[in-house]
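Participant: need a 3D model of the sequence below.
(2 chains)
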Amino acid sequence: SQQGEEDPQALSIQEGENATMNCSYKTSINNLQWYRQNSGRGLVHLILIRSNEREKHSGRLRVTLDTSKKSSSLLITASRAADTASYFCATDANTGNQFYFGTGTSLTVIP
Amino acid sequence: SQTIHQWPATLVQPVGSPLSLECTVEGTSNPNLYWYRQAAGRGLQLLFYSVGIGQISSEVPQNLSASRPQDRQFILSSKKLLLSDSGFYLCAWSEGVYTEAFFGQGTRLTVV
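Facilitator: Model prediction:
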């Protein structure tokens, strides 16, 4: 079964605005990852945050992790039309070798 | 550098027909391999994963099976497809859960 759940399911913003999406998960983890999927394509890794980290940055991306609340957020600053895609969080569930993905947030950036 | 190949990109199969989707990885040894299915507009459901040749773990009981005949080859199969098997199938590899996963471009399967 899926481990995570993203919120909101869909998000539409104007170019230049910031986009924030959230992920909640159910069990303890070693790390949490965020991926991006363009329509009909494979997923591309964006950023990984370990369970002992609280915040991580990569370019225009900022990820936070709150293990006490079992939640993470992905912030995309100064959004561009090219950021239009679906974004998924993935966790390892602290057991085995599996990656479990959330339900995804569909982001539309309007030029 | 590592690459992952997944084929075919699209497939239309009649109900009751067999299925074989293949995924190969280059440039790495003993990767963890994964098969996911994505229903339209939905998240990814983990179907199978493998940590070594001949080692397959199934996440969801279903009409599908997986095999790993070689270190960098992962095959998803079915003897008789159902309409509910339609979806977008993604293969992925990783060196472990502490690192990122790399995905193939996916196979869109339509069972008619």
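Participant: quick check: beta-bridge partners of the most centrally placed residue in chain B?
Facilitator: The residue lying closest to the centre of chain B (Cα atoms, centre = their mean) is B:Trp35, at 3.1 Å. Applying DSSP bridges to B:Trp35 gives these bridge partners: B:Phe48, B:Cys91.
Participant: is it true that it touches B:Phe74?
Facilitator: Yes: B:Trp35 is within contact range of B:Phe74, at 6.8 Å (criterion: Cβ atoms under 8 Å). (C-beta placed from N, C-alpha, C; glycine too.)
Participant: residues shared between the contacts of those two?
Facilitator: B:23, B:66, B:91 (Cβ atoms under 8 Å, 6 or more residues apart in numbering or on different chains).
Participant: surely the first one meets B:Gln70?
Facilitator: In this case it means B:Cys23. No: assessed by Cβ under 8 Å, B:Cys23 is found out of contact with B:Gln70, at 11.2 Å.
Participant: around chain B, pick out the residues from chain A.
Facilitator: Residues of chain A lying near chain B by Cβ under 8 Å from any Cβ of the partner chain: A:2, A:30-31, A:33, A:35, A:40-45, A:48, A:88, A:90, A:92, A:96-104, A:106.
Participant: are any of these buried, and if so which?
Facilitator: Listed as buried from the residues of chain A next to chain B are A:2, A:31, A:33, A:35, A:41-43, A:45, A:48, A:88, A:90, A:92, A:97-104, A:106; burial here means 16 or more other Cβ atoms under 10 Å in any protein chain shown.
Participant: part of a helix, is B:Ser84?
Facilitator: Yes: judged by DSSP: H, G, I helix; E, B strand; the rest coil, B:Ser84 forms part of a helix.
Participant: tell me the pLDDT of it.
Facilitator: pLDDT for B:Ser84: 92.
Participant: who touches A:Glu53 in this structure?
Facilitator: By Cβ under 8 Å, 6+ apart, the neighbours of A:Glu53 are A:Leu65.
Participant: what distance do you get for it to chain B?
Facilitator: As for A:Glu53, its distance to chain B is 13 Å (criterion: Cβ to the nearest Cβ, to the nearest Å).
Participant: quick one: contacts for the residue nearest to A:Met21 when sequence neighbours are not counted?
Facilitator: Once flanking residues are discounted, A:Met21 sits nearest to A:Thr105: 4.1 Å by Cβ to Cβ, 6 or more residues apart in numbering or on different chains. The neighbourhood of A:Thr105, defined by Cβ under 8 Å, 6+ apart, consists of A:6-11, A:21, A:86-88.
Participant: kindly give a single ChimeraX line that selects the buried subset of these.
Facilitator: In ChimeraX syntax, the buried subset of those is picked out as below (16+ other Cβ under 10 Å):
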select /A:6,11,21,86,87,88
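Participant: got a markdown table for the contacts of A:Thr105, with secondary structure and pLDDT too?
Facilitator: Formatted as a markdown table, the contacts of A:Thr105 follow (DSSP: H, G, I helix; E, B strand; the rest coil; pLDDT from 0 to 100):
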| residue | secondary structure | pLDDT |
| --- | --- | --- |
| A:Glu6 | strand | 86 |
| A:Asp7 | strand | 88 |
| A:Pro8 | coil | 92 |
| A:Gln9 | coil | 92 |
| A:Ala10 | strand | 95 |
| A:Leu11 | strand | 96 |
| A:Met21 | strand | 97 |
| A:Ser86 | strand | 96 |
| A:Tyr87 | strand | 96 |
| A:Phe88 | strand | 95 |
